[in-house]
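Visitor: no sequence on hand, only this structure:
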């Protein structure tokens with residue numbers, strides 16, 4: 001699906017998730033708008049990225065928030081699955097860690113708080129995801145870029161620390 005985020009309208013819809021389908025969809029729209037397209041927001045699907053960089057080489061490519069956070073959610077769940085065998089508090093806790101605070105039930109919030117108090121690796125993974133989500137509250141591209149750089153450095157420090165002291 002191609003949409004204009006500024007106007008909030010769908011421009012066109014295509015079938016398939018392969019490079020050929022994505023390319024055909026982009027080419028149908030490009031004749032009308034090619035000079036106007038400055039940024040393209042897409043998920044991290046290789047076919048989409050490839051088409052955008054090939055057909056719109058001067059456009060800025062942005063990965064959408066939903067799929068970035070989804071990727072981090074998968075990482076949190078992998079850490080939880082790894083730790084669940086050693087920590088009873090993590091049993092049946094998947095959704096407590098993945099839901100936003102405002103969507104948790106009272107029972108889920110209680111379980112979530114117990115997990116956070118346990119100071120497990122999954123708590124650290126959850127905190128990193130929450131820290132990452134703050135990038136979307138930055139007021140400018142420059143601020144977001146600086147924040148992302150700091151976030152990446154903090155992740156690298158944590159990973160280095162974990163690999164040196166398991």
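Guide: Good, I have the coordinates. Fair warning: this is a prediction, and the values are worked out from it, not measured in the lab. Numbering: from 1, shown residues only.
Visitor: low-confidence ranges in this protein?
Guide: 32-35, 162-166 (pLDDT under 70).
Visitor: how about the helices in it?
Guide: For the chain, helices defined by DSSP state H occupy the ranges 19-33, 46-55, 65-83, 94-98, 106-117, 121-133, 141-164.
Visitor: can you name the residues in contact with the fifth one?
Guide: By C-beta atoms under 8 Å, 6 or more residues apart in numbering, the residues outside helix 106-117 that reach it are 89-90, 93, 95-97, 99, 101, 104, 122-123, 126. From N, CA and C alone the C-beta is placed, and that goes for glycine too.
Visitor: which of those residues sits closest to residue 80?
Guide: For the contacts of helix 106-117, the minimum distance to residue 80 (C-beta to C-beta) is 4.6 Å, reached by residue 122.
Visitor: count of neighbours near that closest one?
Guide: 26 (other C-beta atoms under 10 Å).
Visitor: residue 83 is in contact with that one, correct?
Guide: Yes - counting by C-beta atoms under 8 Å, residue 83 is a contact partner of residue 122 at 5.5 Å.
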